[in-house]
Each structure stands twice: as C-alpha cells, then as structure tokens.
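Asker: I'll drop the sequence and a predicted model, then ask my questions.
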Amino acid sequence: MKVVVINGSGGCGKDTFVQMCQKIRPHKIYNISMIDAVKREAKSFGWHDEKDDKARRFLSDLKDAWERYNDGPYDLIKYRIELIEKTELMRHHTTDNIIVFIHAREPNDIERLVKDFNAFTLLIRRPSVERTHGNHADDCVEEWGYDMIYENIGDFEDIEFEARMILNYIDGVEIEEK
C-alpha cells in the first residue's frame, strides 16, 4: 500500500486528478482528507459547504483547535489508513496496488505522514486558477519540498494521461492502455 499526500490550492484539480486515478484503477484508490471530519463537524456550526475565504478560515481554525486539544485530525487519518490496510488484507489478502491519497495542507502534517507512512508527496498546480489565501493552511501550500509537481494545464484527456504516468511512477505498476 502506498500513501500519497496530495496538495494544491483550491480549484487546481486535486479531486479531479484522484477521480481519474480511480477510473484507471477501480477499487484500488482511496481519497481522504485531513479535514473530512472537520467538515462534518463544521456543519453543526452552520457551515454549508461554502468555499469562500471566510469559510476556509473557519475550517482551518476548527482543525487547529482540534489539533491543540487532542491531535484528533492526525489520529483519525492514522486510524483510517490502518483500517483501509486491514480491510484490504481481509478482502484480498494483500495491499499491493492500493494507493491512499490524503489531502493535507500544512507542512507539519505532511512531514508526519512522510515519516509515519513513507508517504509520497504530490503538489498539483493550475496556473489559470488564482491561489486561495486567508488562512495559514492555504498560505503554506508551496512550502514543502514535494516529490513531484504536476502542472494541470490540459483537458480531461491530458489529466488521464498524466494520472497514468504518475501512478506508474508512484508504484511501478504498468497500466495497460484501453
């Protein structure tokens, strides 16, 4: 099983990229985020999936508070990775060819994921999209020395080609052309 930290500014195509990977390798790609649980809890405070600067700041602040309290966001990600591994071993007796993409913004989270799971790091950029700012999580997207940077400048066919190439690079699995 490979863990891949994926990062990039809002709107750069991170989820589209992972969805393309899922299309290429059905049932082998997981997509989770450091703030999945934060978003679920934010709804109880009145957040309704907005992605403006005010909402992004709220989610960042909520994650920070939870981290200071008991490191919950990171502990939950560790638990989810371990659960995926156990589930795959029970189902298929192997975790070969499994990739877990983890959306993580802050350098301290990325560093821990690299250390704890030997994670590969991938930054996605889309020059036509203005970088989001307004909280420390969005402001520090470029502050990590990523293993790979993907410039998302093409259409869906280009994304599919790049996804195939990056999957091959990450784990060396040859993917047959359709």
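Answerer: Noted; the coordinates are in hand. Residues are numbered from 1 along each chain as shown.

Asker: please put the alpha-carbon coordinates of stretch 127-138 into CSV.
Answerer: Taking Å, rounded to 0.1, in the frame of the first residue of the first chain, the C-alpha atoms of stretch 127-138 are listed here in CSV:
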residue,chain,number,x,y,z
PRO,A,127,-1.7,28.3,-13.4
SER,A,128,-5.1,29.5,-14.6
VAL,A,129,-6.5,29.4,-11.0
GLU,A,130,-5.7,32.1,-8.6
ARG,A,131,-4.2,30.7,-5.3
THR,A,132,-6.5,30.8,-2.3
HIS,A,133,-5.3,32.7,0.7
GLY,A,134,-6.7,33.9,4.0
ASN,A,135,-5.5,31.2,6.5
HIS,A,136,-2.2,29.6,7.2
ALA,A,137,-3.2,26.3,5.6
ASP,A,138,-3.9,27.9,2.2
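
Asker: ok now that stretch, how far from the chain's centre?
Answerer: In terms of C-alpha atoms, centre = their mean, to the nearest Å, the centre of stretch 127-138 is found 16 Å from the chain centre.

Asker: same thing with stretch 56-69?
Answerer: 18 Å.

Asker: buried residues in that stretch?
Answerer: Applying a neighbour-count criterion of 16 or more other C-beta atoms under 10 Å, one finds 56, 57, 58, 59, 60, 62, 63, 64, 66, 67 buried in stretch 56-69. No exception for glycine: its C-beta is placed from N, CA and C like everyone else's.

Asker: okay, and the fourth one sits in which element?
Answerer: With elements taken from DSSP states H and E, the one containing residue 59 is helix 53-70.

Asker: ok, and what's touching that helix?
Answerer: Helix 53-70 has contacts (C-beta atoms under 8 Å, 6 or more residues apart in numbering) with 10, 34-35, 38-39, 41-42, 45, 47, 72-74, 132-138.
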